[in-house]
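Enquirer: Quick one, what's the 3D model for this:
(chains A and B)
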There are 2 protein chains.
Amino acid sequence: MENIKENENTKFSEIQELLQGNDTEALLAAFQELPTVEVADILAELEEEEIIRYLSLFDIEDQGRIYTDFDFDLQLELFSLINRRHFAQIFINMPSELRADLYQELDIEQQLELLPFLDKKTREDVIHLSSYPPETAGGIMSTDFATVKSNMTVEQAIEKVRRDAPSKKMVYYVYVVDENMKMQGFVTLKDLILEDSQTKVEDVLHTNYAFAEVNEDRESVAGKVEKYDLVAIPVLNPLGQLVGIVRHDEALEVIRAEHTEDFEKFMGIVPDADGLTYLETTAFQHFKKRIVWIASLAAVGVISGIIVHSYENALEQLIILALYMPMMADTGGNAGSQAATVVVRAIALGQISVSNWFSIIFKEMRVSLLLALCLGLLAYAKVLFLSWETDIPEKFSLTMIAFVISLALSIQVVTSTLIGAGLPLIVRRLGGDPAVAASPAITTVVDITGLLIYFGLATVFFDLK
Amino acid sequence: MENIKENENTKFSEIQELLQGNDTEALLAAFQELPTVEVADILAELEEEEIIRYLSLFDIEDQGRIYTDFDFDLQLELFSLINRRHFAQIFINMPSELRADLYQELDIEQQLELLPFLDKKTREDVIHLSSYPPETAGGIMSTDFATVKSNMTVEQAIEKVRRDAPSKKMVYYVYVVDENMKMQGFVTLKDLILEDSQTKVEDVLHTNYAFAEVNEDRESVAGKVEKYDLVAIPVLNPLGQLVGIVRHDEALEVIRAEHTEDFEKFMGIVPDADGLTYLETTAFQHFKKRIVWIASLAAVGVISGIIVHSYENALEQLIILALYMPMMADTGGNAGSQAATVVVRAIALGQISVSNWFSIIFKEMRVSLLLALCLGLLAYAKVLFLSWETDIPEKFSLTMIAFVISLALSIQVVTSTLIGAGLPLIVRRLGGDPAVAASPAITTVVDITGLLIYFGLATVFFDLK
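Expert: Model prediction:
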């Protein structure tokens, strides 16, 4: 592999050198050895005027590709610097769904400046694609697909694909439609190649295809692409007409975004729809994303406060109880969060559903009993170790106190685990996203139950009041 | 869309009816209207003998596909029930990487029973693919790819692809190799279709391609498929020879698995390599996955215990302090976990790296000051509200106590946020996975810092000893 890698590094430093010099032809040749996404990475490091100068060296199709691979921010900056006529050509050569995304980010004046320079087809396509909500199949679909008619021969179909497939089109699946664009099925490019040239398309047509509806949630669309291992899934409107396709790479992006959203939700962070990166988001925006939950939980914490408050006398009589309050809260929070993580993830992966609730709770019950046994013993040892020289009132013994504390902890581990596993199931049952039964929420809930268990047991065993 | 959906439902209930009856021909016809993954879903619900009986109705290629779509468990069960000769045919018709996965799950006797029934090519392929570690490109790659030579004409290349492409092969990218299988580049099937039939392959060859090394980590391979928007990525050995491809659907699976792993790690759950689903994992295995962290944290909790212990006198003098200890721990834990979530996620998405540490810490500093202001005010109000009738020693005033507690909480929010954001960066800097700076770990750390801040401030302000 080393020779190949070296080769790559040489290419890279060669380009860095050429960028310093003036031999644009050699530079272009070197650039053309690289995938366009890497060209974009290199250009993005330069001054904007330089980017435009180098970009102009490529043929217009590659300009479209390279521009597409730039960050969204850079795209917007370059938009205002490139002259409209030139920009329109770049724009026409972008993948349809990405240029629609860009178009939506422009302000009205910019949109109106751009439109006159576009050909009719592109103009209509952009306006059409921009009209779908971004969270739906329509919002992420591309119109770069190829169609044939079912009464064509394989030879005619290949000829049609050749004729109207500019380089950005996905032609690995060729969609078969009638004269009203109603989808009848699809053939793969491979089918066309393998079949005899005189066979009719209708004889090799796959009619058992998966599809998305144009208003379908994009997560569900991505799930279908994944389930059926598709390169692209057709998107149909309510009349059964083919209006677009969602490619595998779009689906992957949706799954990534969903991943981040789940992760954030689970930590009680309000996900933002703008898709800004960490550093692009201002401190105040970060603050707004986090304060909602954290302040709500602090408010709920008043309940814990009231509970501790009501046991103030008990605490005064047996101050040692105060020492182990944090242990109850932490261990309960950890056990509950772990159970919730496992259950939320298993739901997201489709491994379990609410109808399995009994098996889940039964399994978590057994897991938590094992955890409780271990952690209870640990807590018993901990109390004896930490508090052996603590002054305790005559009528109580340290071993008895250690026993009660570790018993309370064991019960806390069991209830926390069950709450952690049960809360996402309940939220799901009520139609919500199980990830909102987030870790901070569970921590707060088990805090309250933990205090009740702790002081409840202590007052009973030691007859405090 | 309704007509289409209705259509699907009809198909489904039709099959359920046919499964009751005896008209196997009609049943087969109905099955052939569905994607194989859905046929597999329906069959999986039946008794095993029934599954085998219905499976045998399909042609052998479809049997391979349907069997592939069964759960791993069901695959293994069926393996022992289907006769070896029949099974070998199914096996030969499975995608190469998935049949290698299955082969690795068989025990030695089963492997030896199967091998004699396989043709030489399949036998060698399975043994070869099974030899790579599952975490590498080699472990997830498929050998179902098509190759041509660079001196062929486009027409000859298409002919070669037609000749040796059985239906399971990925032919959308056709790889160009020399007589030693050394990779020279690739052409897409689309290139071949669009080009003139007499053009030489070497004239349309893409030499600027992304590739994976056979020992490369599978996450890195999946990342390349994503970055370059590929249908498949070629896998090369150290000699530059083409040994396999990793398809987009495998890459997606790797990304999903990585997602789960991150999520679990972040909650201090030991991820398992077996890929068992939630319900397949026994309670004891679940227990083992969780106990490590939770017990370690409980052990570290001894430190919190020692701290509270050392301030026992202060607590006795001012029992009201015990009431607000849980609030310090919870709020700090929440603030720290949120910051860690945001940073870990931004690192995973490649939005930030360790070199940005200053901007990150500076941003988190500002976020945390805003959070501290809000939460501090809230805490002040909370203390006044909850404790207005608490008995406090003459020399202290409630407003003063509320002020000190809310000041301590504000400082706790700032330090927790910085610890939460900084810990993943430090772990990353030391070469570890930032996700291990998990939420439970942060909760435990900020617990300790929180207690120090709390009692530190209280003893200074109130001159406790």
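Enquirer: I'd say residue A:387 and residue A:320 touch.
Expert: Yes: counting by CB atoms under 8 Å, residue A:387 does reach residue A:320; the two are 5.9 Å apart. In short, each C-beta sits where N, CA and C put it, glycine included.
Enquirer: more crowded one of the two?
Expert: More crowded of residue A:387 and residue A:320, by other CB atoms under 10 Å in any protein chain shown: residue A:320, with 24 against 20.
Enquirer: ok, now how distant is the more buried one from residue A:413?
Expert: 21 Å (CB to CB, to the nearest Å).
Enquirer: Below-threshold pLDDT in the stretch 351-465 of chain A: ranges please.
Expert: Applying pLDDT under 70 to the stretch 351-465 of chain A flags the ranges A:436-438, A:465.
Enquirer: Give me the buried positions along stretch A:103-110.
Expert: Judged by neighbour count (16 or more other CB atoms under 10 Å in any protein chain shown), stretch A:103-110 contains these buried residues: residue A:103.
Enquirer: what sits up against that stretch?
Expert: With contacts defined as CB atoms under 8 Å, 6 or more residues apart in numbering or on different chains, stretch A:103-110 is touched by A:72, A:76, A:79-80, A:111, A:114, A:126, A:130, A:134.
Enquirer: Alpha carbons of that stretch, as CSV, please.
Expert: Extracted C-alpha coordinates of stretch A:103-110, given in CSV (Å, rounded to 0.1, in the frame of the first residue of the first chain):
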residue,chain,number,x,y,z
TYR,A,103,-31.8,28.4,-3.6
GLN,A,104,-33.9,28.3,-0.4
GLU,A,105,-31.1,29.9,1.5
LEU,A,106,-30.8,32.9,-0.8
ASP,A,107,-32.9,35.9,0.0
ILE,A,108,-35.7,37.0,-2.3
GLU,A,109,-33.6,39.6,-4.2
GLN,A,110,-30.8,37.1,-4.8
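Enquirer: centre of the chain versus that stretch, how much separation?
Expert: When distances are taken as CA atoms, centre = their mean, to the nearest Å, stretch A:103-110 is centred 26 Å away from the chain's centroid.
Enquirer: Parallel or antiparallel, list what pairs with the helix or strand in which residue A:174 is found.
Expert: Residue A:174 is part of strand A:170-177, with elements assigned from DSSP states H and E. Note on strand A:170-177: by DSSP bridges, its sheet partners are strand A:145-148 (parallel), strand A:183-188 (antiparallel).
Enquirer: Max pairwise distance over the contacts of stretch A:103-110: which two?
Expert: Greatest spacing in the contacts of stretch A:103-110, by CB to CB: A:80 and A:134 (23.2 Å).
Enquirer: more neighbours, these two?
Expert: Legend: neighbour count by other CB under 10 Å for residue A:80 and residue A:134, higher for residue A:134 (14 against 11).
Enquirer: can you list residues touching both of residue A:387 and residue A:320?
Expert: residue A:401.
Enquirer: Pretty sure residue A:175 sits against residue A:144.
Expert: No: between residue A:175 and residue A:144 there is no contact under CB under 8 Å: 11.8 Å.
Enquirer: what sits in contact with each of the two?
Expert: In contact with both residue A:175 and residue A:144: residue A:245, using CB under 8 Å, 6+ apart.
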